[in-house]
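Novice: give me the fold of what follows.
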Amino acid sequence: MRQIIRHFGADTVYGVGGDFAANLIAALDQDGLTISPSSNEMHAGFCACAQAEVQGMGFCLTTYTVGSLPCTTAAALAKTEGLPVVFISGAPGEDEVHQSSIHHMVQPGDSWRAEYDAALRAFAALGIRAERLQGDRARGQPNISAFRFFELVKHAWLHREPVFIEVPRNLVFALTQPLALPPVAQLQSDEIPFAGLQAVLENIVAKFRAAKHPLVYFGVQVRRNPELTQLMVAFCHRFHIPYASHWFAKGAVDETHPLCLGGYNGAFSDPAIRTFIENQVDYVLDLGTSIIAQDTASAFQTGTHFIADFPNKTVLKSTVPREKELVRILQGLLQAELPQYHYSAPARTAPTLAADAKMDFHVLTDVLNQLQAEQDFGTVFVPEVGNSFFASFGLAPKATQLGVNWLANPWYAAMGTALPYARVAAETVRDAGHNDRVVLITGDGGFHFQLNELIHVQKQGLPLTIIYMRNDVFHLGKSGDGPIYHCSTSGFDVHKLVQAYGGEARRCETIGEFSAYYRECLAAHSGIRLIEVPCSLEPQYQCREIALLNLYIKSRNGDPQAIVAWKAATQVHNVE
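Specialist: Coordinates of the predicted model:
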């Protein structure tokens, strides 16, 4: 198992210990492989998801059922986001089962049947391959448990999806068949079982030749495939073609490049970008977006997503492992005879930000974008699900050495992921010797939900800057004033909390105060540093995306003023 994990490029397994996992920990935590603790099993799973995002594969280790079942939400995230994560669980030895009930089993005292497979069934119910390894059944019979482990890990890597593996504790030190592991690059076949790729390529080339203002609109299948991302960017740069991302493909490219338009999402797009796309583009190559459209990234089904209904487009979606057919087509496009297109980036005027003006969500991304322009290093932005997440779509992050500049789980949108994600990003940046900074953006609910993971940030001495947008409530989706929305209290002293974790904090109420301390935090690049920003619930201080979403909801509920305001806010001005 240790050899296989290392073979797929991992040197860390995130986990929480337990009696059924003790043998696994003893066997795996050596020879260049580290079993790294998390504050709870769900966070261990989220750390493994982040590991898959930034390193290509993720591994998580827990104990039997009581440890593995809390990982199901992380497994659901990995399944939804297309992440190759291997969830490993210790289990009772094969000589222990079918005898009596065992602690940690999902087994009430009045049951007549022992249920040993609760975790296997739970993971399988998520559409995940779930298997308990087995030893030999007779003397002289080969033990193939190592081979089965390899096959499951290979499946996760090849198909970019999680697997769940229970390992009986008596098998950990048992002899098994030796393996001669093939190079990872050879695990996928170059054979593509589809005819007509050349015809598709020729059709796309003809479409580009007929176009004057083409656009490449790329999705998550591109974002999660570094080779495909590089090919797409190289193609666009060679022929001077602008490219825009599906909202959920954010984080893969340098959004400060003149050819990059950033994210497009109908009415929720930057107005200048939306005007350009919906007035000038005459052909769209829709590359690697989802098979089924998701509501959030479809302009919340407001009917304003121009590209979704644009008639002159070619849609390419992969159904082959590792997107091999899309890679083949992009390789062909790079060699095609196409013109250099005359593209001028739409004018976007940077807003004037007064130093004494209030710092809040309405200016957060403008301030961060302007601060980023001063820096000679890249930043990995990690937004927590909520207002911080939606505000972050206004960020235009530049390239990082890590290769990722925005890290979240936009499809599944699980809360409590930002700190485990930021931890793994900071570990990876430090271990690789990169110069990137990691900046976490969160509100109250998300911060309280996961702050216990700070102990590992402190213990490892990781540099992490936290922007804490504080209003003491769950604001996103707030539709009342009941106790459930009040996730914090004005008496909470976040400065003392951060100091307990060996860090420092400062309250910043103006743009000038925020900018000065933000520069200081990123320049120091050491320890935990938290910037507390007191936020208002007043509409004028909300980010554009949240303000539009709330306005749309009110208009759909029949509010006359909201209906008029929504039509005005989403109108696209024609450009001659």
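
Novice: wait, residue 307 sits on residue 265?
Specialist: No - using CB atoms under 8 Å, residue 307 makes no contact with residue 265, being 9.5 Å away. Where C-beta positions appear, they are placed from N, C-alpha and C, glycine not excepted.

Novice: when these two are compared, which one has more neighbours?
Specialist: Of the pair residue 307 and residue 265, residue 265 is the one with more neighbours under other CB atoms under 10 Å, namely 25 against 21.

Novice: confidence-wise, which helix or strand of this structure is lowest on average?
Specialist: Least confident helix or strand of the chain, by mean pLDDT, DSSP states H and E, is helix 544-556 with a mean of 82.

Novice: now what about the following helix or strand past that helix, what contacts it?
Specialist: Heading C-terminal from helix 544-556, the first helix or strand you meet, by DSSP states H and E, is helix 560-570. The contact list for helix 560-570 (CB atoms under 8 Å, 6 or more residues apart in numbering) reads 267, 302, 304, 548, 551-552, 554-555.

Novice: 7 Å instead?
Specialist: Under the criterion CB atoms under 7 Å, 6 or more residues apart in numbering, residues 267, 304, 548, 551-552, 554-555 lie in contact with helix 560-570.

Novice: in those residues, find the pair that's most separated.
Specialist: Within these, two members stand farthest from each other by CB to CB: 304 and 554, at 16.2 Å.

Novice: these two: who's more crowded?
Specialist: Set side by side, residue 304 and residue 554 show more neighbours around residue 304, with 22 against 16, by other CB under 10 Å.

Novice: domains for this protein, by residue range?
Specialist: For the chain, the domain assignment from automatic domain parsing gives the residue ranges 2-187, 197-334, 361-542.

Novice: what is the end-to-end distance of the first one?
Specialist: When you say that, I think you mean domain 2-187. In domain 2-187, first residue to last residue: 19 Å (CA to CA, to the nearest Å).

Novice: likewise for the shortest one?
Specialist: End-to-end distance of domain 197-334 (CA to CA): 15 Å.

Novice: and residue 538, what's its pLDDT?
Specialist: Per-residue confidence for residue 538 comes out at a pLDDT of 88.

Novice: measure it to residue 481 for me?
Specialist: Taken as CB to CB, to the nearest Å, the spacing of residue 538 relative to residue 481 amounts to 15 Å.

Novice: is residue 437 in a bridge, and if so with what?
Specialist: Legend: beta-bridge partners of residue 437 under DSSP bridges are residue 379.

Novice: need the three-state assignment for the nearest residue to residue 317 once chain neighbours are set aside.
Specialist: In space, not counting the residues next to it along the chain, residue 317 is nearest to residue 291; the distance is 5.8 Å by CB to CB, 6 or more residues apart in numbering. Assigned state for residue 291: coil (three-state reduction, DSSP: H, G, I helix; E, B strand; the rest coil).

Novice: which residues of the stretch 51-200 of the chain fall in strands?
Specialist: Using DSSP state E, counting those that start in this stretch, the strands assigned to the stretch 51-200 of the chain run over residues 58-62, 85-91, 129-132, 163-168.

Novice: list the neighbouring strands of the third one plus their orientation.
Specialist: Partner strands and pairing direction for strand 129-132 (DSSP bridges) are strand 163-168 (parallel).

Novice: and the partner strand, how far from the chain's centre?
Specialist: If you compare the mean C-alpha spot of strand 163-168 with that of the full chain, they lie 24 Å apart, counting by CA atoms, centre = their mean, to the nearest Å.

Novice: just to revisit the earlier point, would you turn the strands of the stretch 51-200 of the chain into JSON lines with mean neighbour count?
Specialist: Rendered in JSON lines, the data for those read as follows (neighbours: other CB atoms under 10 Å):
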{"stretch": "strand 58-62", "mean neighbour count": "30"}
{"stretch": "strand 85-91", "mean neighbour count": "29"}
{"stretch": "strand 129-132", "mean neighbour count": "19"}
{"stretch": "strand 163-168", "mean neighbour count": "24"}
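
Novice: for those strands, which one sits closest to residue 175?
Specialist: Using CB to CB as the measure, strand 163-168 is the one of those that comes nearest residue 175, at 14.6 Å.

Novice: the closest one vs strand 85-91, what angle?
Specialist: Going by axes from the mean of the first three to the mean of the last three CA atoms, to 10 degrees, strand 163-168 is angled at 20 degrees with respect to strand 85-91.

Novice: quick one: strand 163-168 to strand 58-62, angle?
Specialist: Taking the same axes, to 10 degrees, strand 163-168 and strand 58-62 form an angle of 40 degrees between their directions.

Novice: and strand 163-168, what's its mean pLDDT?
Specialist: For strand 163-168, mean pLDDT is 97.

Novice: show residues contacting it.
Specialist: Outside strand 163-168, the residues within contact range by CB under 7 Å, 6+ apart are 24, 75, 86-94, 119-120, 123, 128-133, 149, 152, 155-156.

Novice: the strand or helix carrying residue 389 packs against which elements?
Specialist: Mapping residue 389 onto the secondary structure by DSSP H and E places it in helix 387-391. In terms of contact count using 3 or more CB pairs under 7 Å, 6 or more residues apart in numbering; DSSP states H and E, helix 387-391 is assigned the packing partners helix 361-374, helix 544-556.

Novice: rerun that using 6 Å as the cut-off
Specialist: Helices and strands in packing contact with helix 387-391 are listed as helix 544-556; criterion 3 or more CB pairs under 6 Å, 6 or more residues apart in numbering; DSSP states H and E.

Novice: right, I'll leave it there.
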